[in-house]
Every structure is written in C-alpha cells, then in structure tokens.
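quick check, what structure comes out for this input:
(3 chains)
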Amino acid sequence: MGEAEDAEALQDELRRLVQADTPGPDLVTTVAGLDVAYDTDSDLVAGAVVVLAAPGWEVIASATAVGRASFPYIPGLLSFRELPPLLDAWEAVLSRLTTPPDLLVCDGHGIAHPRRFGLACHLGVTVDLPTIGVAKTQFVGEHSSPGQRRGERTAIILEGEPVGAALRTRDGVREVYISVGHRTNLDSACRWVLELCPRYRLPETTRSADQLSRTALAEARLAA
DNA sequence: GCGACAG
DNA sequence: ATCTTGTCGC
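Predicted coordinates for the structure are as follows:
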C-alpha cells in the first residue's frame, strides 16, 4: 500500500471524529487564520498562524514555523502536506495566548472534499476546536452562481448532498467557497466569513496569514 | 482510458 | 503554491 492509499485510509478513519456543531451561543471574539507558503526552488515551507480580535480584527498574536515539505501536493490530500508546518506554528501561537481562538479559518476546503475530509476537517479534529474552510477556488461538486451582492450565496452540491456554499463576500467580486470543518455549521461559517470581509474579497485572517507566511519564508531563505 | 484536480 | 507593478477599466 502506498503513501497516498495510507493517507486516504486515515482520512476515512478520522472522518468519524468530525462533529457537526458546537451547541450554545456562538460568541466569537478571536479568530485564527492559517496558511502555508512554499519556496519555488527548494522544499522549504513556512506555516503561519495569526489571531485576530473582533470587531476590528487587529492582530493580537502570531507565530510561524519553517520546515521542509514532507508530502507532495496531491489533490484530496492537501492536509498531509500542510498540517506539519501549521501545527508547529499553532503550538507556538498557543503558548502566547491565555485562551485558544474561538474559530480557526483554513485556506482550503472542509467537507467539500472527495471523502468529506479536507484540510479544515483534519485540522479541526486534530486541535478539537471549531474550524471552517475558505477556499479561493472550487474543488468538488456543482453550484449555481450566487447573486452579485455581498452576502448572496448558493449551495455546493456533491453527490446530491449540500457540502458547502459559494459566497459573495463583496459586491461584484468572484465568490469564495465555504465549507464546514469541525464543530460548526454552514450558516455560522458564512456569517463569520462576512464579518471577516469588511473590505476585501478574502477574510482578514486569510490575508494576514498569507502575508505572514510569505515573509517568514523569505526570511528563512536568506538565513539558508 | 481521459480529463480534472483545494494549496 | 509560484512567476509579479503598474495599469486598464468600471
């Protein structure tokens, strides 16, 4: 059995641990954003985690982790490539906080995945906190085009099941793709994403984590 | 078999 | 993912 087959089998096992929602009032005061940057001509990777606080989304904590890519990019197995650097950065940022973030926003999909276990699900069951996936491009399923106004959305359907939403975060911009990761629901996910997009198409968490991971990678290249 | 395919 | 600043268009 190859690495890919092992990884797929693990996804089918871990999928059982995904929880649909966290009961109780969904107060969100801090949100984490996570991203990974890759070097063009080496296996250097940099994971970054930023923590933003409502309502202004200022960065209250952040951490990065530089390492070597240990798994290739294979559609459907992205989490096996990105989780190592993300978890390293996650541990670092947790040590700088007194309270864990209320929500983690991932760059990629959650259950909108061939085996219903994308990056957001894998990260969620690993840290056991609410996670959502916010992807810039579609991966699986079909959906109609949502209206051109901010907040409009359509369902992403995979094999007859709703697995996410194509959400317009700003008037007239291309939609983003939202799906549940762990311990949350699609309505809450879309609401949080809209709050995180007061000005741009992508959530402030995504923008901030993306920028931090790139600068961390650039610094690592100089040192190496 | 062929093409598509998150980041 | 990555190559990359200013610039064309609404």
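
only C-alpha atoms for contact and neighbour calcs from this point on.
Will do.

helices along chain A, start to end?
For chain A, the helices defined by DSSP state H cover A:3-14, A:78-94, A:119-127, A:186-195, A:204-223.

which ones are touching the closest residue to DNA strand C within chain A?
Among residues of chain A, the one nearest DNA strand C by CA to the nearest atom of the strand turns out to be residue A:37. It sits 3.8 Å away. With contacts defined as CA atoms under 8 Å, 6 or more residues apart in numbering, residue A:37 is in contact with A:45, A:46, A:47, A:210, A:213, A:214, A:217.

what do you get for residue A:175?
Counting by CA under 8 Å, 6+ apart, residue A:175 touches A:136, A:146, A:166, A:167, A:168, A:169, A:201.

cross-check these against DNA strand B and keep the overlap.
Subset of the contacts of residue A:175 in contact with DNA strand B: residue A:136, counting by CA under 7 Å from any atom of the strand.

pull out the buried members of the contacts of residue A:175.
Buried subset of the contacts of residue A:175 (neighbour count, 16 or more other CA atoms under 10 Å): A:136, A:146, A:166, A:167, A:168, A:169, A:201.

tabulate the helices of chain A (a markdown table), appending distance to DNA strand C, mean pLDDT and mean neighbour count.
Written out in a markdown table, the entries for the helices of chain A read as follows (distance: least, CA to the nearest atom of the strand, whole Å; pLDDT from 0 to 100; neighbours: other CA atoms under 10 Å):
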| stretch | distance to DNA strand C | mean pLDDT | mean neighbour count |
| --- | --- | --- | --- |
| helix A:3-14 | 19 | 94 | 13 |
| helix A:78-94 | 10 | 98 | 20 |
| helix A:119-127 | 13 | 98 | 24 |
| helix A:186-195 | 17 | 95 | 19 |
| helix A:204-223 | 6 | 96 | 19 |
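
those: which one's closest to residue A:101?
Nearest of these to residue A:101, taken as CA to CA: helix A:78-94 at 8.8 Å.

show me what the residue nearest to the spatial centre of chain A is bridged to.
Most central in chain A under CA atoms, centre = their mean is residue A:106, positioned 0.8 Å from the mean C-alpha point. Assessed by DSSP bridges, residue A:106 has beta-bridge partners residue A:34, residue A:133.

contacting residues for it?
Taking CA under 8 Å, 6+ apart as the contact definition, residue A:106 lies against A:33, A:34, A:35, A:119, A:120, A:131, A:132, A:133, A:134, A:135, A:206.
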